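Colleague: output the structure for:
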Amino acid sequence: MIKRRNVLTGGAAVAGVGLARPVLAKGPKVLRYVPQANLANPDPIWTTATIATLHGYMVWDTLFGIDQGLVGRPQMLAGTDTSADGLTWKMTLRDGLLWHDGDPVLSKDCIASIQRWGKRDGFGQRLLGQTAEMKVIDDKSFQIRLTRPFPVMAYALGATGCFIMPERIAKTDAFTQISEYIGSGPFKFLKDEWVSGASAAYARNDKYLPRQEPPSYWSGGKVVNFDRVEWKIMPDPATAAEALQRGEVDWWENPLIDLLPMLKTAPGIKLEVLDPLGALGVVGVNHTQPPFDNLKLLQAMLVAINQHDYLDAVLGDQQSLGRTAGFFIPGSPMANDVDMDKITGKRDVALAKKLVAESGYKGEPIVLMSPSDQPQLIAMAQVTDAFYKSIGLNSQYTSMDWGTLVSRRASHAPSAKGGWNSFCTTWGGLAVSNPGSHFPLRGNGNGGWYGWPTDDRMEALRDKWFDAPDLAAQQAVCKDMQRLAFQDLPFFPTGQWFTPTGYREDLSGFIKAGVMLFWGVKRA
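Modeller: This is a model prediction of the structure:
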């Protein structure tokens, strides 16, 4: 088995420079939080960064919100009325919705927001593509008239970050960043206090009227129990761990796996998995350049790639936090066992090496990009490098910071001219839980995710899923999609894992969801 990297096992480095003081007993109720990354851009439509989505759920609200069963429920809406043929949706806003500046939320705001979101999101693009008309009925109700039914409407508007913004903001081009952050959500973004790379702050929206239902995932009542939430950007895990132990911060979103054993025994700290779907590990390959434009080579690799090597590298002795996975995230309604033996069955390096030789591979260098500043992805890249070499591939491990990798993976040039052949990443479980948001599974060539596989059969199945009338029909399509994915290999799944969040033991009320949520949380 390919062994994991050396890990950080000692105590945390001494922190203290620029850290906030512990919360005082009197004064505003303040929650101090260490997010997974810097809030570089607060426009959750313009960027797909998880940190921007987390920010989005604080500032803006959504028409629907998915519950723990991933079912869309009315959120900003009082209700909907759908015609018998499924082609006309009337949506009515609930009473008391106000923007942070005091103006009422209107139907025209919702239409403009759907249109902007729809130009960037996979579900949204599909919705707009089969919309004949969106029109205002009155200030509190609007209508969407379709050219064909869209059975996943509630999920699409409730699970994919269709944040409702004032019309003047939502009319910003979808490929241009907004500069005003007025929402109707449970928190106000304090733009004047935002320092990218250092901090961000939010104030409780005293105009917000929560729904009366209990909170569930992104649906239900969003009750805020703190006057302020302050984000402290701490890219050094040791510094964040020390701050959490000292009570200088209350909550650390994403502790380094290697520090979990220490944090488990630290007084005053609790660890808990809040994301019920975790993340899917992915080895991406460039289908447009040799050698991974050769399907026989990809199929040869499938014989030997070992998800347990990746789980070992990422999780070390925390193996209870991971499991093997197919192309849809385990635990989601679309996950299935079709052809799973192709990746979980006995691994055969010798056979893979033989098949590589028979595939026509000519020994071309494989530029394997690895980020120097993402520990989990470094571990995955190291396993991939060793795997490639073990089956006779000429792997060229190439280290760079994540920002450079993100820029380089957009290149379509040959690897010798600044392009690439392979890299490792993770996808949030919710995104890869269904075909509508599963970008790595797309087969739409240059219009798709990095690696750009072209697979008309996969795209046809995706279309069929969107038109499926019920869950059973959707699940049947996903079985066919997984069967095809194991044949054509748009990417290699490397397993599912969960990262616990860490917080001070006097906090409670956390909501399990795809990103960290700040309503419901309270201090004893």
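Colleague: secondary structure element for L128, which one?
Modeller: L128 is part of helix 122-129 when elements are defined by DSSP states H and E.
Colleague: ditto for A473
Modeller: helix 471-488.
Colleague: which elements pack onto that helix?
Modeller: Helices and strands touching helix 471-488, by 3 or more C-beta pairs under 8 Å, 6 or more residues apart in numbering; DSSP states H and E, are helix 295-302, helix 456-467. In short, each C-beta sits where N, CA and C put it, glycine included.
Colleague: switch to 10 Å and redo it
Modeller: helix 295-302, helix 341-344, helix 456-467, strand 491-497 (3 or more C-beta pairs under 10 Å, 6 or more residues apart in numbering; DSSP states H and E).
Colleague: just the CA trace of the helix holding L128, in PDB.
Modeller: Extracted in PDB, the C-alpha atoms of helix 122-129 (Å, rounded to 0.1, in the frame of the first residue of the first chain):
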ATOM      1  CA  GLY A 122     -26.000  24.200 -14.300                       C
ATOM      2  CA  PHE A 123     -29.600  23.900 -13.000                       C
ATOM      3  CA  GLY A 124     -30.200  27.500 -13.800                       C
ATOM      4  CA  GLN A 125     -29.000  27.200 -17.400                       C
ATOM      5  CA  ARG A 126     -31.300  24.300 -17.900                       C
ATOM      6  CA  LEU A 127     -34.200  26.200 -16.300                       C
ATOM      7  CA  LEU A 128     -33.600  29.300 -18.500                       C
ATOM      8  CA  GLY A 129     -33.300  27.100 -21.600                       C
END
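Colleague: buried ones in it?
Modeller: 122-124, 126-127 (16 or more other C-beta atoms under 10 Å).
Colleague: now do the buried residues in the very next helix or strand once past that helix.
Modeller: Sequence order places strand 131-138 as the next helix or strand after helix 122-129, per DSSP H and E. If you call a residue buried by 16+ other C-beta under 10 Å, then strand 131-138 has these buried ones: 131, 134.
Colleague: alpha carbons of strand 131-138, in CSV - could you do that?
Modeller: Extracted in CSV, the C-alpha atoms of strand 131-138 (Å, rounded to 0.1, in the frame of the first residue of the first chain):
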residue,chain,number,x,y,z
THR,A,131,-38.5,29.1,-19.9
ALA,A,132,-40.8,30.9,-22.2
GLU,A,133,-41.5,33.8,-19.9
MET,A,134,-41.0,35.1,-16.4
LYS,A,135,-43.3,37.9,-15.5
VAL,A,136,-44.5,40.0,-12.4
ILE,A,137,-48.1,39.4,-11.4
ASP,A,138,-48.0,41.9,-8.5
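Colleague: pLDDT value on M1, please?
Modeller: The model reports M1 with a pLDDT of 45.
Colleague: show me what contacts the residue in the chain sticking out farthest from the centre?
Modeller: In the chain, the residue that sits farthest from the middle, by C-alpha atoms, centre = their mean, is E358; the gap is 38.1 Å. By C-beta atoms under 10 Å, 6 or more residues apart in numbering, the contact list for E358 reads 296-297, 300.
Colleague: just put these in CSV and tack on distance to Y217 and pLDDT.
Modeller: Output for those, formatted as CSV (distance: C-beta to C-beta, whole Å; pLDDT from 0 to 100):
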residue, distance to Y217, pLDDT
K296, 43, 98
L297, 41, 98
A300, 41, 98
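Colleague: give the helix, strand or coil label for the spatially closest residue to P500 that is not a sequence neighbour.
Modeller: Excluding its sequence neighbours, the residue lying closest to P500 (C-beta to C-beta, 6 or more residues apart in numbering) is L271, at 4.2 Å. Assigned state for L271: strand (three-state reduction, DSSP: H, G, I helix; E, B strand; the rest coil).
Colleague: ok, L271 to Q374 distance?
Modeller: 21 Å (C-beta to C-beta, to the nearest Å).
Colleague: which of the two has more neighbours?
Modeller: Q374 (18 against 15; other C-beta atoms under 10 Å).
Colleague: could you report the pLDDT at V477?
Modeller: 98.
Colleague: begin at 269, not 1, for the rest of this chat.
Modeller: Noted, 269 is the first residue going forward, which turns the last one into V745.
Colleague: which residues does it contact?
Modeller: 602, 703, 729-736.
Colleague: of the residues you listed, buried ones?
Modeller: The buried subset of those - by 16+ other C-beta under 10 Å - is 602, 703, 729-730, 732-734, 736.
Colleague: where does this structure dip in pLDDT?
Modeller: The chain contains residues with pLDDT under 70 at 269-294.
Colleague: make it 50
Modeller: 269-293 (pLDDT under 50).
Colleague: how about the backbone phi and psi for E510?
Modeller: Dihedral pair for E510: phi -70, psi -40, per degrees, to the nearest 10.
Colleague: how about I573, nearest residue that isn't a chain neighbour?
Modeller: F760 is the one closest to I573 (C-beta to C-beta, 6+ apart), at 5.6 Å.
Colleague: wait, doesn't that neighbour sit right on V553?
Modeller: Yes - contact criterion C-beta atoms under 10 Å: F760 and V553 qualify, at 7.4 Å.
Colleague: shared neighbours, these two?
Modeller: By C-beta under 10 Å, 6+ apart, the residues touching both F760 and V553 are 566, 569, 690.
Colleague: can you put the residues you listed in a markdown table and add distance to G613 and neighbour count?
Modeller: Putting the shared contacts of F760 and V553 into a markdown table (distance: C-beta to C-beta, whole Å; neighbours: other C-beta atoms under 10 Å) gives the following:
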| residue | distance to G613 | neighbour count |
| --- | --- | --- |
| L566 | 17 | 21 |
| M569 | 14 | 21 |
| S690 | 23 | 27 |
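Colleague: buried stuff in stretch 523-542?
Modeller: In stretch 523-542, counting by 16+ other C-beta under 10 Å, buried: 523-528, 530-531, 534, 537-538, 542.
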